[in-house]
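Peer 1: Quick check, what structure comes out for this input:
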Amino acid sequence: MLRILDRYFLRELVLSVLATTIVLLVIFTGGTFARVLQQVANGSFPASVMFQVLGLRIVNALPGLLPLSLFLGVLVALGRMWRDSEMHVLAAAGMGPGGLMRPALMLGIPATVLIAVVSLWLGPLSARTADQLVAEANRSVIAAGLDAGRFTELPGKGGVIFVAGMNRKGTKLDQVFLASDEAATDTHPARVKLITAKRGELYQGSETHGRYLALMDGWQFQVPLGRENWQRMRYRRNDVALSEVRPQSDDDSDPLSSVSTLDLIDSNNVDARAELAWRTAAPATALVLLLLALPLARQSPREARYGRLLLAVLAYFLYFLLLSLGRALIDRGTVSNSAPMWVLHILVTLGALWMFRRQFSAWRVKGADA
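Peer 2: Reported below is the predicted structural model:
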């Protein structure tokens with residue numbers, strides 16, 4: 001059963017971490033939503049799956065967001081208690097380092113397990129789901145801007161298309177009519193092309209980013225303007241190019257982010273080893289940052305409110321840059337495993353424990369041994 005002091009510490013820490021997580025999620029969601037809107041405007045995927053892709057990308061970003069939320073939340077909660085002299089009173093009443101370490105670990109261990117689950121399983125799963133969702137949406141005629149029962153202008157093609165019916169996914173079409181203009185060339189004058197088909201199917205090119213409409217069992221008419229030598233042709237299949245699917249930029253897409261952790265373990269690629277090291281470092285980073293926040297949160301009542309917080313944020317960025325350097329060394333093949341990153345975890349943990357222990361050690365009075 002939890003003690004009264006443990007419940008008090010745990011409540012303060014949980015509320016502060018939750019508030020910090022909400023603030024960071026709002027900030028991150030705003031930036032991600034702007035990038036998703038830009039990709040929708042560029043034609044990378046249709047607006048119908050915009051919010052699903054946004055939610056899945058937020059889940060995939062949680063392994064990097066939650067350790068920072070835990071770090072800042074503990075700093076804010078304990079910093080307030082130090083400024084209000086609550087920690088001084090508790091220390092004078094006999095509370096040792098275990099009185100603070102115990103509730104911190106009660107929060108940190110479940111948070112570390114949660115981050116490990118998201119980093120190793122849920123994050124890659126959400127990335128794969130987002131890729132599949134975008135791919136399925138781009139294979140639909142609804143994504144190409146078509147709708148059953150009305151004429152739709154072909155983007156950039158100078159024509160219109162009419163579809164009498166389609167299935168729910170928008171991949172199968174019934175009774176298609178297509179009319180387009182062809183400019184005059186040296187070989188033929190300007191003419192109008194009319195195409196009819198009993199059924200059709202939308203697909204995306206394997207080597208290109210275009211959408212193509214495969215029309216089945218129909219007629220094609222070519223009518224030159226101002227002339228009577230029009231042509232008629234019956235076909236079994238006729239492929240027509242529709243709108244283009246623009247690929248996502250390299251900054252917003254990482255192919256390895258959607259690869260499962262088991263596949264990364266089986267791979268000998270240096271990029272796969274770097275990605276695996278980064279995923280396994282996320283839960284360890286959360287626990288290390290929690291231990292580092294305990295000594296960095298100490299403030300005197302007259303100290304500036306955000307002085308220690310600024311120092312702690314700088315320490316976080318230095319720690320993050322060193323971890324990124326370790327990943328870069330693995331990615332370039334300089335080192336073959338994540339040993340440098342784990343050495344960094346151990347060094348920071350030992351330093352945090354030494355500073356935390358030193359805060360609760362009794363001060364020696366000068367001249368007491370004389």
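Peer 1: Show the low-confidence segments of the stretch 201-350 of the chain, by residue range.
Peer 2: For the stretch 201-350 of the chain, the stretches flagged by pLDDT under 70 are 204-210, 242-254, 304-305.
Peer 1: Flag every buried residue along stretch 166-175.
Peer 2: 166, 170, 171, 173 (16 or more other CB atoms under 10 Å). For the C-beta atoms, the positions are set from N, CA and C on the backbone; glycine is no exception.
Peer 1: Give me the distance between the two termini of that stretch.
Peer 2: End-to-end distance for stretch 166-175: 9 Å, by CA to CA, to the nearest Å.
Peer 1: gap between that stretch and the chain center?
Peer 2: When distances are taken as CA atoms, centre = their mean, to the nearest Å, stretch 166-175 is centred 32 Å away from the chain's centroid.
Peer 1: Stretch 215-232 now?
Peer 2: That offset, for stretch 215-232, works out to 50 Å (CA atoms, centre = their mean).
Peer 1: ok, now stretch 335-351?
Peer 2: Distance of stretch 335-351 from the chain centroid (CA atoms, centre = their mean) equals 26 Å.
Peer 1: so which helix or strand takes in residue 196?
Peer 2: Assigned by DSSP states H and E, residue 196 belongs to strand 191-204.
Peer 1: Would you mind listing the buried residues in the helix or strand just after that strand?
Peer 2: Counting by DSSP H and E, the next helix or strand C-terminal to strand 191-204 is strand 210-224. Within strand 210-224, the residues scored as buried using 16+ other CB under 10 Å are 211, 213, 215, 218, 220, 222, 224.
Peer 1: Strand 210-224 to strand 191-204, inter-axis angle?
Peer 2: With axes from the mean of the first three to the mean of the last three CA atoms, to 10 degrees defining the directions, strand 210-224 sits at 160 degrees from strand 191-204.
Peer 1: Give me the three-state assignment for residue 94.
Peer 2: The local conformation at residue 94, judged by DSSP: H, G, I helix; E, B strand; the rest coil, is coil.
Peer 1: That one: how many residues sit nearby?
Peer 2: For residue 94, the tally of surrounding residues (other CB atoms under 10 Å) stands at 7.
Peer 1: Dihedrals phi and psi, it?
Peer 2: Taking degrees, to the nearest 10, you get phi 110, psi 10 for the backbone angles of residue 94.
Peer 1: which stretches of this structure form helices?
Peer 2: Applying DSSP state H to the chain gives helices spanning 4-42, 50-83, 86-92, 97-117, 123-138, 261-266, 270-296, 307-331, 339-359.
Peer 1: Nearest approach to residue 201 belongs to which of those helices?
Peer 2: helix 123-138 (14.0 Å; CB to CB).
Peer 1: Pull out the buried residues from that closest one.
Peer 2: Per 16+ other CB under 10 Å, helix 123-138 contains these buried residues: 123-131, 133-134, 137-138.
Peer 1: Present these as JSON lines; the columns should include distance to residue 267 and pLDDT.
Peer 2: Output for those, formatted as JSON lines (distance: CB to CB, whole Å; pLDDT from 0 to 100):
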{"residue": "123", "distance to residue 267": "17", "pLDDT": "90"}
{"residue": "124", "distance to residue 267": "13", "pLDDT": "92"}
{"residue": "125", "distance to residue 267": "18", "pLDDT": "92"}
{"residue": "126", "distance to residue 267": "20", "pLDDT": "92"}
{"residue": "127", "distance to residue 267": "16", "pLDDT": "90"}
{"residue": "128", "distance to residue 267": "16", "pLDDT": "91"}
{"residue": "129", "distance to residue 267": "21", "pLDDT": "92"}
{"residue": "130", "distance to residue 267": "22", "pLDDT": "88"}
{"residue": "131", "distance to residue 267": "18", "pLDDT": "85"}
{"residue": "133", "distance to residue 267": "25", "pLDDT": "83"}
{"residue": "134", "distance to residue 267": "24", "pLDDT": "80"}
{"residue": "137", "distance to residue 267": "29", "pLDDT": "72"}
{"residue": "138", "distance to residue 267": "28", "pLDDT": "66"}
